[in-house]
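Q: Next input, structure requested:
(2 chains)
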Amino acid sequence: MAVRLDYIVKETANNIVRNPSLSIATVLTVAVSLSLLGAALVIQQGVSGLNTRFKDDVEFIIWINNDASQEQIDSVQRALDDSPVVKNSTFITREQTFAEFEEYFAESPEVLAAVTPEDLPTSFRVVPVNPELSVVEQLGRQFTPLPGVRQVDFAGDYIRRLNQFSSAASITMTVAALASGLASSLLMYNTIRTALFARRREVEVMRLVGATNWFIRVPFMLEGLLQGLVGAAFSTGAVYALNRVVGDAVRGADFRLFDSFALDSGQLWTITGVLLGAGAMIGAVASGVAVTRYLEA
Amino acid sequence: MIKLENVTKEYKGSSIALKEASAEIDKGEFVFLVGPSGSGKSTFLRLLNKQEVADSGRVLVNGKDVGGLHPWKVPLLRRQIGCVFQDFKLLPSRTVRENVSFALEVIGKPKHIIQTQVPAICELVGLGDKIDKYPHQLSGGEQQRVSIARAFVNRPVILLADEPTGNLDPQTANGIMWLLDRINRSANTTVVMATHDRGIVDTMRRRVIELSNGSIVRDQSRGVYD
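A: All right, here's what the predicted structure looks like:
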């Protein structure tokens, strides 16, 4: 059966124009719920791409006691050089540490004034052959008991803490997105029911003269789909804005740890696709169900 | 054309609407359904285009068992059956032309067919000069003519009319009956009309099926109201 396009377009437009406030409410809830989903996706992408190391591939840092003897330092150095799983290691002198310190606290002269190179520890920065977290930790712990070693810091520790925080945030967002997704589906359902009620005489006549259920359904589903897509478009805008803010913050920082939170355009397109798809689906499915239930009642 | 075989229909929580009713109506017949309110006239009509489904017994239209019809075939059945109601069921925001066109649009008829058939049918029912008026600008009789035009524009083989003259004065009602009679005779359309209107039934002298408490108590060709 030929479904006439002009008829569908006309009917869909009529439905939307007839009840603007409800259409706007629907679009907004869809936008809010999909923005939450978008934020959850951004976090998820950021976490999965997290850089698991310090600058220059350094996986852990061995801090040396200030009162350690030169032999103790040398023995640590030897242990590092002899280890087949250490790719390379660099000894950082007090002066080098102080230079970094100066850089970090350049804007706090009062901190700098209170510190001299002698107050700062020396350290080894280690790049292992295998960057896997468990291997790195096992390797690093071998150095903890050596004489003259104060402590070993793992990049992985920070990553793990960050991971925990991010996944908690991501789960919270996803739950919120699901809840508000449900809310927008229900609102969509009610919007379409209201539209059906407003057009109940038309629908009655359509059924009597033998219009198929699909013919009756399509304009309403299209209305839902359109509202879902507009809401999704707003949420995509929100994700781009979020990415802009995060991206600026990440690029402004002097560590590269969070670089993965600034998404590239490929990742953004993926998220855009997911959001538009979700919006279209909420719209079409909720309105389709509404019409089907109305026609079966 | 239409056959009811021992049809029983009961609405939940109320008395029985149709009880073991059997009747056969041939193509081109004009049949009055008479009886007091609640005697089962409307149910009789509603079973024919599957607005209701019988609890037991069979309803056959064009040789097909309506009750067993697959849901997606119901629209095809309804395209062969025009309906006219006491309250016209016109769409108030559409003109005469648009109301009649609507019935063709929603079953996917192409535009050029709509553009030729709609003015022709409006002419036939005597509303050629009011085709661009809205329902509220028309009298009751004229509105019923629009609704007949809408029911007949797709050339159905059966026309069901549920108290089509119930809201009209006798003069206007006669005009509507003249129109239904013409549709019946000229196009050989089977017409089944439920009515309370004694005068019309007695004047027309067509077949009369009388219902009482859901049972067919009389089936008489060239009958009168009682």
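Q: From A:Ala68, how far off is the nearest residue to B:Ile183 once chain neighbours are set aside?
A: Closest residue to B:Ile183 apart from its sequence neighbours, by Cβ to Cβ, 6 or more residues apart in numbering or on different chains: B:Thr189 at 5.3 Å. For glycine as for every other residue, the C-beta is placed from the backbone atoms N, C-alpha and C. The gap separating B:Thr189 from A:Ala68 is 110 Å, by Cβ to Cβ, to the nearest Å.
Q: neighbour-wise, which of those two wins?
A: B:Thr189 (22 against 18; other Cβ atoms under 10 Å in any protein chain shown).
Q: residue contacts, the more buried one?
A: Counting by Cβ atoms under 8 Å, 6 or more residues apart in numbering or on different chains, B:Thr189 makes contact with B:Gly28, B:Gly82, B:Phe152, B:Pro156, B:Val157, B:Ile158, B:Leu159, B:Ile183.
Q: most surrounded residue in those?
A: B:Gly82 (29 neighbours).
Q: pretty sure that residue is in a helix, no?
A: No: counting by DSSP: H, G, I helix; E, B strand; the rest coil, B:Gly82 is not part of a helix but strand.
Q: Just give me the neighbour total for the nearest residue to it once chain neighbours are set aside.
A: Closest residue to B:Gly82 apart from its sequence neighbours, by Cβ to Cβ, 6+ apart: B:Ala151 at 3.2 Å. Using other Cβ under 10 Å, B:Ala151 has 26 neighbouring residues.
Q: looking at it, B:Ala151 is touching B:Val84, isn't it?
A: Yes: under the criterion of Cβ atoms under 8 Å, B:Ala151 makes contact with B:Val84 at 5.1 Å.
Q: Find residues that contact each of the two.
A: Common neighbours of B:Ala151 and B:Val84, counting by Cβ under 8 Å, 6+ apart, are B:Leu159.
Q: What residues does the stretch 151-297 of chain A have near chain B?
A: A:201-202, A:204-213, A:215-216 (Cβ under 8 Å from any Cβ of the partner chain).
Q: which of the residues you listed sit farthest apart?
A: Using Cβ to Cβ, those reach their maximum pairwise distance at A:Arg201 and A:Thr212, which is 18.6 Å.
Q: Which one of the two is surrounded by more residues?
A: A:Thr212 (20 against 13).
Q: burial count for the residue nearest to the more buried one when sequence neighbours are not counted?
A: The shortest distance from A:Thr212 to any non-neighbouring residue, by Cβ to Cβ, 6+ apart, is to B:Pro75 (4.7 Å). A count of neighbours around B:Pro75, defined by other Cβ under 10 Å, yields 22.
Q: ok, now which ones touch B:Pro75?
A: Contacts of B:Pro75 (Cβ under 8 Å, 6+ apart): A:Arg207, A:Gly210, A:Ala211, A:Thr212, A:Asn213, B:Ile107.
Q: ok, the first one touching B:Arg78?
A: Yes: shown here, A:Arg207 and B:Arg78 form a contact pair, counting by Cβ under 8 Å, at 7.4 Å.
Q: and the two? which has more neighbours close in?
A: B:Arg78 (23 against 19).
Q: What are the structural domain limits within chain A?
A: A:6-52+A:160-296, A:55-155 (automatic domain parsing).
Q: I'd like these as JSON lines, with distance to B:Thr203 and mean pLDDT appended.
A: Formatted as JSON lines, these follow (distance: least, Cβ to Cβ, whole Å; pLDDT from 0 to 100):
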{"stretch": "domain A:6-52+A:160-296", "distance to B:Thr203": "29", "mean pLDDT": "84"}
{"stretch": "domain A:55-155", "distance to B:Thr203": "98", "mean pLDDT": "80"}
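Q: Go through stretch A:174-193 and flag the buried ones.
A: Buried residues in stretch A:174-193, counted by 16 or more other Cβ atoms under 10 Å in any protein chain shown: A:174, A:176-177, A:180-181, A:184-185, A:187-189, A:191-193.
Q: State the three-state secondary structure for A:Ile8.
A: Judged by three-state DSSP, the three-state class of A:Ile8 is helix.
Q: Leaving out the residues flanking it, which one is nearest to it?
A: A:Pro219 is the one closest to A:Ile8 (Cβ to Cβ, 6+ apart), at 5.3 Å.
Q: related to what we said a few turns ago, make a markdown table out of the domains of chain A and add distance to B:Gly63.
A: Formatted as a markdown table, the domains of chain A follow (distance: least, Cβ to Cβ, whole Å):
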| stretch | distance to B:Gly63 |
| --- | --- |
| domain A:6-52+A:160-296 | 18 |
| domain A:55-155 | 77 |
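Q: Quick check: which of these is buried the most?
A: domain A:6-52+A:160-296 (a mean of 18; mean count of other Cβ atoms under 10 Å in any protein chain shown).
Q: now it, how far from the centre of its chain.
A: With Cα atoms, centre = their mean, to the nearest Å as the basis, domain A:6-52+A:160-296 stands 17 Å off its chain's centre.
Q: End to end on that domain, go ahead and measure it.
A: 27 Å (Cα to Cα, to the nearest Å).
Q: what about the longest helix in the chain?
A: All of this is about chain A. Secondary structure of chain A per DSSP state H: the longest helix is helix A:155-198.
Q: looking at chain B here, not the other one
A: The longest helix of chain B (DSSP H) is helix B:170-187.
Q: That one - contacts with which helices or strands?
A: strand B:30-34, helix B:140-152, strand B:158-162, strand B:190-194, helix B:198-204 (3 or more Cβ pairs under 8 Å, 6 or more residues apart in numbering or on different chains; DSSP states H and E).
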